[in-house]
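1. Just to be clear, the model below is a prediction. Sequence and coordinates:
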Number of protein chains: 2
Amino acid sequence: MKNIVIGFFISWLMIHTANGQPYSFKIIPLGVHGGSDESNLSAYMIAPIKSDHYVCLDAGTLYSGIRVAVQNKVFRGSIDSVLRTCIKGYLISHAHLDHVSGMILNSPDDTAKNIYGLPSVLNIIKDKYFTWTSWANFANEGDAPHLNKYHYTRLDTAQETAISNTEMTVSAYSLSHGTNYESTAFLVSHQNNYILYLGDTGPDSVEHSNKLQSLWQHVAPLIVSKKLKAILIEVSFPNEQPDSQLFGHLTPKWLKAELNTLGKITGKAALKNFPVVVTHIKPKGSNEMKIKKQLAAENDLKIKFIYPRQGVKLRF
Amino acid sequence: MKNIVIGFFISWLMIHTANGQPYSFKIIPLGVHGGSDESNLSAYMIAPIKSDHYVCLDAGTLYSGIRVAVQNKVFRGSIDSVLRTCIKGYLISHAHLDHVSGMILNSPDDTAKNIYGLPSVLNIIKDKYFTWTSWANFANEGDAPHLNKYHYTRLDTAQETAISNTEMTVSAYSLSHGTNYESTAFLVSHQNNYILYLGDTGPDSVEHSNKLQSLWQHVAPLIVSKKLKAILIEVSFPNEQPDSQLFGHLTPKWLKAELNTLGKITGKAALKNFPVVVTHIKPKGSNEMKIKKQLAAENDLKIKFIYPRQGVKLRF
């Protein structure tokens, strides 16, 4: 009897968060770093917890990341089958190479799917990558001929759009990633539960922007109502990086400043133990260790900082 | 005494080829495959045998490849120090992403150096990658402002040019890589010894070109005089790939046809045991095994086919 009770309890733990809520989403990081290591650049597959119909949030590294996930038995089947059948589309936050390289390189082996993004982002992909000069044009617009495998799907800001062949929707919000360079936050939804993913972004006060402030205003009610399950946001550099050399990125200090702005809207209590997945660390020298230390120190809001690992499943 | 003789013999073997000639060059493959695996794409560091001043032939993968070479103790020091101080410049055969991605992604951490190539190749890098939209402009031309770290150095066809900060020179020869797409062969020289590296290329008869024929004419005397130490050339697909879907690439059958053309100029005997390094295999399914089998079969010229491995030093 005791064993049965323990067995039930373990089963229950398997499908519920620490707060006692059932899991809503799974995320498979295919690449987690910013910058230079070609084998591990920003890409996160996300699906509802019981589905295998994923969309990929950014696509810096696909093949190498899927290989690690397959080795970890996160997926059964081949690298090719995960690429071709599990990933149903791409949500691209911005067109810097470390966020799109894996998608371009793997396009010859891929299946037909949509590339979702804000117009400015898709226009760069169209004008710079799928051009027959950098790469064959596997998309449906731009330099002829069009191989028509990928379909550019332009998102209107803050408009909910269904993600084809998945059970999810997405709404896009503009971010500022350095002077006049647009990046994107994606609010992914399934059955009234949400995950917020931010592409590269600087802090509002350095960017002379109010885009993060607007985003926080928008998602605060979802945090208070516990419908938002996690935020994925970047911290590229440790606090030692001077503001004049942020290049549109965040440090631990600036992430905390932004989360404090969010906490003023939600109330502090709502952010206690709230999962914040720290993406895009540039792993130069001891930066990774420094960033973790700096985020852990004076964590007044008691945020639950999570460090994703390539090919290791997260659940929220 | 016997031990001393054996010791001398082993030392002699360490610095001489199987033909009894001293080694002239060392090559460190940083990436060896064509296509999709972001962690292992075409890039070959080359230096005179006794020098640590390398130039990098293509730059599909840098960081991941240097990491493997450092793990293999091919280099002492950090990944960063190899990138910044051992690589003195880049020779880019063509601007498809799988040949330049590593250079673009690692440019923020790199030191000032030259990018060498034919004008059409450098123009694509300038217009598509270092543009402030795909990536910050670390070069000295194109969309302003110029960060002036990299200097585009346009090569004239078949003109010998010194490679700055190395003891080597290079001559470039145009190749055909699909309809109207220019790729490049680089003939690298040091003290009257040579290595020939070919970027992606189709066979002359499929490309309706005579560019390989011209190249063979040019290098044949260097083979006969034993000054050319090795050829690095691509085989992307096995023989099963139909000619209509070669996309400007070679198969084992087509490589042998081209080497037969070369052998008609040099005489068959000159190619016996000649080292041909097979690059750019697309490792899909069992392709790699098939290609090796197909190259080994009916090897009438008795070519010495060599399969490079990431981070494992070759000497010629």
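-> Ah, there it is. Numbering: from 1, shown residues only, chains lettered A, B, ... in the order given.
2. Can you read off the pLDDT for A:Lys284?
-> Listed pLDDT for A:Lys284 reads 88.
3. Can you tell me the element it falls in?
-> Under the criterion DSSP states H and E, no helix or strand holds A:Lys284.
4. That one contacts B:Asn106, doesn't it?
-> No. Using C-beta atoms under 8 Å, A:Lys284 is not in contact with B:Asn106; the gap is 11.2 Å. Using the backbone N, CA and C atoms, a C-beta is placed for each residue, glycine as well.
5. Between those two, which contacts overlap?
-> A:Ser36 (C-beta atoms under 8 Å, 6 or more residues apart in numbering or on different chains).
6. of these two, who's got more company?
-> Using other C-beta atoms under 10 Å in any protein chain shown as the criterion, A:Lys284 and B:Asn106 rank with B:Asn106 on top: 23 against 17.
7. I'd assumed the more buried one was in a helix, is it?
-> Yes. Counting by DSSP: H, G, I helix; E, B strand; the rest coil, B:Asn106 is found in a helix.
8. Would you mind measuring from it to chain A?
-> Noted for B:Asn106: a distance of 5 Å to chain A, by C-beta to the nearest C-beta, to the nearest Å.
9. quick one, what contacts that residue?
-> A:Ser36, B:Leu62, B:Tyr63, B:Leu83.
10. Please produce a markdown table containing those residues, extended by neighbour count and secondary structure.
-> Converted to a markdown table, the contacts of B:Asn106 look like this (neighbours: other C-beta atoms under 10 Å in any protein chain shown; DSSP: H, G, I helix; E, B strand; the rest coil):
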| residue | neighbour count | secondary structure |
| --- | --- | --- |
| A:Ser36 | 24 | coil |
| B:Leu62 | 31 | coil |
| B:Tyr63 | 23 | helix |
| B:Leu83 | 20 | helix |
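11. Please name the spatially closest residue to A:Leu105 (chain neighbours excluded).
-> Leaving aside its chain neighbours, A:Leu105 sits nearest to B:Ser36 (5.4 Å; criterion: C-beta to C-beta, 6 or more residues apart in numbering or on different chains).
12. Which residues of the stretch 1-150 of chain A lie near chain B?
-> With C-beta under 8 Å from any C-beta of the partner chain as the criterion, the stretch 1-150 of chain A meets chain B at residues A:35-39, A:41, A:61-64, A:67, A:80, A:95-98, A:101-102, A:104-106, A:108-109, A:124, A:127-129, A:131-136.
13. rerun that using 7 Å as the cut-off
-> Residues of the stretch 1-150 of chain A lying near chain B by C-beta under 7 Å from any C-beta of the partner chain: A:35-39, A:61, A:63-64, A:95-98, A:101-102, A:104-106, A:108-109, A:124, A:128, A:131, A:133-135.
14. ok, A:Ala257 to chain B distance?
-> Using C-beta to the nearest C-beta, A:Ala257 is found at 25 Å from chain B.
15. Then A:Val219?
-> 28 Å.
16. likewise A:Thr161?
-> Look at A:Thr161 and chain B: by C-beta to the nearest C-beta, they are 24 Å apart.
17. Can you get me a residue count around A:Pro22?
-> 10.
18. ok, it touching A:His16?
-> Yes. The criterion here is C-beta atoms under 7 Å, and A:Pro22 meets it with A:His16 at 5.4 Å.
19. beta partners for the closest residue to A:Ile306 other than its chain neighbours?
-> Once flanking residues are discounted, A:Ile306 sits nearest to A:Val277: 4.7 Å by C-beta to C-beta, 6+ apart. Bridge pairing for A:Val277 (DSSP bridges) gives the partners A:Leu232, A:Ile306.
20. burial measure for A:Val277, as a count.
-> A:Val277 has 23 nearby residues by other C-beta under 10 Å.
21. One more: A:Gln245?
-> Neighbours around A:Gln245, by other C-beta under 10 Å: 8.
22. for A:Glu240, same thing?
-> If you count neighbours by other C-beta under 10 Å, A:Glu240 ends up with 10.
23. so what's the closest residue to chain B within the stretch 1-150 of chain A closest to, chain neighbours aside?
-> Nearest to chain B in the stretch 1-150 of chain A, going by C-beta to the nearest C-beta, is A:Ser39, at a distance of 3.6 Å. Once flanking residues are discounted, A:Ser39 sits nearest to B:Ser39: 3.6 Å by C-beta to C-beta, 6+ apart.
24. Do I have it right that that neighbour meets A:Glu38?
-> Yes. B:Ser39 lies in contact with A:Glu38 (C-beta under 7 Å); the separation is 5.9 Å.
25. So between the two, which is more surrounded?
-> Neighbour tally, B:Ser39 and A:Glu38, criterion other C-beta under 10 Å: the higher count belongs to A:Glu38, 34 against 23.
26. separation between A:Leu175 and A:Asp127?
-> Separation of A:Leu175 from A:Asp127 (C-beta to C-beta, to the nearest Å): 21 Å.
27. To clarify, my last question referred to A:Trp135.
-> Note on A:Trp135: its distance to A:Asp127, by C-beta to C-beta, is 12 Å.
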